[in-house]
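**Student:** After the sequence you'll find the predicted model.
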Amino acid sequence: MTDPGTQGDGTVMLPQPFVPSPYVTDQPGVSKGQIVMFNMPNSTTFNDGPRNVAVYVPSGYVSGTEIPFVVAQDGVAPQNGGSFGLDDLRPILDNFIAQKMLPMMAGIFADPAGQRSVEYDTLSDRYYTFVETELLPAAVAQVQMQAQLMLNLTKDPEGRSSFGGSSGGAAALTMGWLHPESYRRILTISGSFVNLQHSSMYPEGCADYAYANSPGLHLIATDPPKPLRVFMAAGTNDLLSPEWQDANDATAAAFAMQNYHYRYVIAQGASHEDDGARRDYLPDAMLWLWRGYPIKP
């Protein structure tokens, strides 16, 4: 690892008109990674039904080589509540990996099953447990069976990322917050850092991270800093305006107070998980998120 520095850290405003990056579409001469699709049966962790999963294996991957990766919530089917996933990240990964702007990395894109909010919005390590004990082993097994490749997912937390929007963004942060020994690069879009699922330990749910209007724990400001690198985005016309933006504002402010490496994009006039804004900032978000991670020549 190299020192990523502070370039791009902080809160930035993204004005309209939003301009889609060329990296969100297939570029001439760039080889596409292989996609392995499968359906996972009922999870023993959640017992809430089957789910679709897609695994992205970058072009040129050598079987058995250790590889960093991203886990993406709402990854396959937008109708499950997220508006992005495989379709957004696949061309970005293809283009940036080909130009050696990002390290060669895999992607595990998973839909929720029948209880999306329970899986994603609960501030506990239950979803993390599902990912580690069920999702990743299934992904590795399916790549071996369908593509005849040994997918060697790194154990280095600096090479493990979680990605999601809305409630999927809350899940992404929770994976890193509770288990920074496993996930340290977090990307959230219109993250649901509000009280949607609560418990006796976290009575305000994910609002306990920082939400200024919550009487909860304000964990980011009160816990010792964790070795996380966090990208966030929200729109000024986000969900239940201004609640979702307020929650993201408060979360970003807490990260700033604790001197985290964070980048928070506020998209002017953008709605919840806004397609136009996302296609503008997402490629740069990926470059910022992975700054400092070695790229092999």
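**Tutor:** Nice, thanks for sending it over. Numbers count the residues shown, from 1 in each chain.

**Student:** Go through stretch 100-120 and flag the buried ones.
**Tutor:** 102-113, 116-120 (16 or more other C-beta atoms under 10 Å). In short, each C-beta sits where N, CA and C put it, glycine included.

**Student:** pull the CA atoms of it into CSV?
**Tutor:** This file holds the C-alpha atoms of stretch 100-120, laid out as CSV (Å, rounded to 0.1, in the frame of the first residue of the first chain):
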residue,chain,number,x,y,z
LYS,A,100,-4.5,0.3,-15.3
MET,A,101,-6.3,3.1,-13.5
LEU,A,102,-7.7,0.5,-11.1
PRO,A,103,-6.3,-2.8,-9.9
MET,A,104,-7.6,-5.9,-11.5
MET,A,105,-10.5,-6.8,-9.2
ALA,A,106,-13.5,-9.1,-9.0
GLY,A,107,-17.1,-8.1,-8.2
ILE,A,108,-19.8,-10.0,-6.3
PHE,A,109,-23.2,-8.6,-7.1
ALA,A,110,-26.0,-9.9,-4.9
ASP,A,111,-29.7,-9.2,-4.7
PRO,A,112,-31.5,-9.3,-1.3
ALA,A,113,-34.0,-12.1,-0.7
GLY,A,114,-37.4,-11.5,0.7
GLN,A,115,-36.6,-9.2,3.6
ARG,A,116,-34.4,-6.5,2.1
SER,A,117,-34.7,-4.0,4.9
VAL,A,118,-34.0,-6.6,7.6
GLU,A,119,-30.9,-7.7,5.7
TYR,A,120,-29.5,-4.2,4.9
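
**Student:** Mean confidence (pLDDT) on it, please.
**Tutor:** Average pLDDT, stretch 100-120: 97.

**Student:** ditto for stretch 39-57
**Tutor:** Mean predicted lDDT for stretch 39-57 stands at 96.

**Student:** same check, this time on stretch 289-297
**Tutor:** 95.

**Student:** just use 48 as the starting number from now, easier for me
**Tutor:** Done: numbering now begins at 48, and the last item shifts to stretch 336-344.

**Student:** can you list the residues that contact it?
**Tutor:** Contacts with stretch 336-344, where a contact means C-beta atoms under 8 Å, 6 or more residues apart in numbering, come from 48-52, 54-55, 115, 147-151, 205-206, 208, 232-234, 276, 278.

**Student:** Go through it and flag the buried ones.
**Tutor:** Per 16+ other C-beta under 10 Å, stretch 336-344 contains these buried residues: 336-338, 340.

**Student:** Narrow those residues to those in helices?
**Tutor:** Counting by DSSP state H, the buried residues of stretch 336-344 place residue 336 in helices.

**Student:** which of the buried residues of stretch 336-344 lies closest to residue 102?
**Tutor:** residue 337 (19.1 Å; C-beta to C-beta).

**Student:** Okay, the closest one and residue 57: tell me how far apart.
**Tutor:** 18 Å (C-beta to C-beta, to the nearest Å).

**Student:** which residues touch residue 207?
**Tutor:** Applying C-beta under 8 Å, 6+ apart, the residues contacting residue 207 are 115-116, 118, 200-201, 229-232.

**Student:** Can you add neighbour count and give these back as CSV?
**Tutor:** What follows is those, written out as CSV (neighbours: other C-beta atoms under 10 Å):
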residue, neighbour count
115, 20
116, 21
118, 27
200, 20
201, 15
229, 17
230, 26
231, 22
232, 27
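
**Student:** okay if I get those as CSV plus pLDDT and distance to residue 305?
**Tutor:** Output for the contacts of residue 207, formatted as CSV (pLDDT from 0 to 100; distance: C-beta to C-beta, whole Å):
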residue, pLDDT, distance to residue 305
115, 98, 25
116, 98, 27
118, 98, 24
200, 98, 29
201, 98, 27
229, 98, 20
230, 98, 18
231, 98, 15
232, 98, 17
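
**Student:** out of those, who's nearest residue 240?
**Tutor:** residue 230 (17.0 Å).
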